[in-house]
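In: Sequence first, then the predicted structure, then my questions.
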Amino acid sequence: SSDQTNFNLNYIQVPILASLTAGPVSIQAGPYVSYLVSAKIKNVRVDNNGVPVNSGSTTGTELNREDFSTIDYGLAGGLALDVKGFQLGVRYNLGLREIGQGQAASFVASGAKNSVAQLYIALGL
């Protein structure tokens, strides 16, 4: 077994997307900007297959937000399907800014950027 470290950076994100629609399907693309709300680190003991081992060794620690870039930006793209007042979609967000800015974050997250895959349901108003 070994230890695995998971970073959980929580953002409020504002995408600015253009949409090309053909019938009920739309293709979306554009930039996004996001603001870092919190940063946590979690250490988990895992077996050789990467499966968490329930050994009570899970720990969570609040990180200094100052060690991470407060503002993130990047590109987003996805597909959506309009169905009876709802929208089902998938989107990928590619961060363009390195997330670490302090010495501690640069050591553990050197060159790291956000990469997010989303599956969503939206309600039309």
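Out: Great, that's in hand.
In: By mean pLDDT, flag the weakest helix or strand of the protein.
Out: strand 59-62 (a mean of 55; mean pLDDT, DSSP states H and E).
In: any idea how far whatever helix or strand comes next after it is from the chain center?
Out: Per DSSP states H and E, the first helix or strand lying C-terminal to strand 59-62 is strand 71-83. Centroid separation between strand 71-83 and its chain, computed with Cα atoms, centre = their mean, to the nearest Å, is 12 Å.
In: Dump strand 71-83 to PDB, restricted to CA.
Out: This file holds the C-alpha atoms of strand 71-83, laid out as PDB (Å, rounded to 0.1, in the frame of the first residue of the first chain):
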ATOM      1  CA  ILE A  71      -8.100  33.700 -10.100                       C
ATOM      2  CA  ASP A  72      -8.100  31.000 -12.800                       C
ATOM      3  CA  TYR A  73      -9.000  31.300 -16.400                       C
ATOM      4  CA  GLY A  74      -9.100  29.000 -19.400                       C
ATOM      5  CA  LEU A  75     -11.100  27.600 -22.300                       C
ATOM      6  CA  ALA A  76     -14.300  25.600 -22.200                       C
ATOM      7  CA  GLY A  77     -16.100  23.600 -24.800                       C
ATOM      8  CA  GLY A  78     -19.000  21.200 -24.800                       C
ATOM      9  CA  LEU A  79     -22.100  19.700 -26.300                       C
ATOM     10  CA  ALA A  80     -25.700  20.100 -25.000                       C
ATOM     11  CA  LEU A  81     -29.100  18.500 -25.800                       C
ATOM     12  CA  ASP A  82     -32.300  20.400 -25.200                       C
ATOM     13  CA  VAL A  83     -35.100  18.100 -24.000                       C
END
